[in-house]
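Participant: Sequence and predicted structure, then a few things I'm wondering about:
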Amino acid sequence: MTSTPPMTGSALMTHLTDWIQATNPEAGEIAEDLDIIETRSVTSLQFVEFLLFIEELRGAPIPPDDMDIDSFRTLRSIVDRHLAPVLTTGE
């Protein structure tokens, strides 16, 4: 995987939201604290592809020890837990 340049949290949220809406147009508005699993904004069939997209954004695989389903429930938890390495300083 290639290294991803640093991004702001809002830019990362936009990338995640764009992916969800492109994959599931019925998802509608995706708030950063919306449970995307409970609401089926990301279905079980899409989840693995979504994980691969997150790994692409972070530029590295997600360690197996970090594969806690609750850390993937909201955009905020994904950015905070899995995309922190690519955040620019100050956010």
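Facilitator: Noted; the coordinates are in hand. Numbers count the residues shown, from 1 in each chain.
Participant: low pLDDT regions in this structure?
Facilitator: The chain contains residues with pLDDT under 70 at 1-5, 88-91.
Participant: Which parts of it are helices?
Facilitator: Applying DSSP state H to the chain gives helices spanning 9-23, 44-58, 75-82.
Participant: Which strands or helices does the shortest one pack on?
Facilitator: Just to be clear, that refers to helix 75-82. helix 9-23, helix 44-58 (3 or more CB pairs under 8 Å, 6 or more residues apart in numbering; DSSP states H and E). (Glycine included, C-beta is placed from N, CA and C.)
Participant: For that helix, what is the distance to the chain centroid?
Facilitator: 7 Å (CA atoms, centre = their mean, to the nearest Å).
Participant: Please spell out which residues along that helix are buried.
Facilitator: 75, 77-79, 82 (16 or more other CB atoms under 10 Å).
Participant: can you check the first one too?
Facilitator: Within helix 9-23, the residues scored as buried using 16+ other CB under 10 Å are 9, 11-13, 15-17, 19-20, 23.
Participant: packing partners for that helix?
Facilitator: Using 3+ CB pairs under 8 Å, 6+ apart: helix 9-23 touches helix 44-58, helix 75-82.
Participant: quick revisit: of all the buried residues of helix 9-23, which comes closest to Asp33?
Facilitator: Met13 (11.0 Å; CB to CB).
Participant: list the contacts for the closest residue in space to that closest one that isn't next to it in sequence?
Facilitator: Nearest residue to Met13, sequence neighbours excluded (CB to CB, 6 or more residues apart in numbering): Leu75, at 5.2 Å. Residues in contact with Leu75 (CB atoms under 8 Å, 6 or more residues apart in numbering) are 13, 16-17, 30-34, 36.
Participant: how does it look with 10 Å?
Facilitator: By CB atoms under 10 Å, 6 or more residues apart in numbering, the contact set of Leu75 is 9, 12-17, 20, 30-34, 36, 41, 83.
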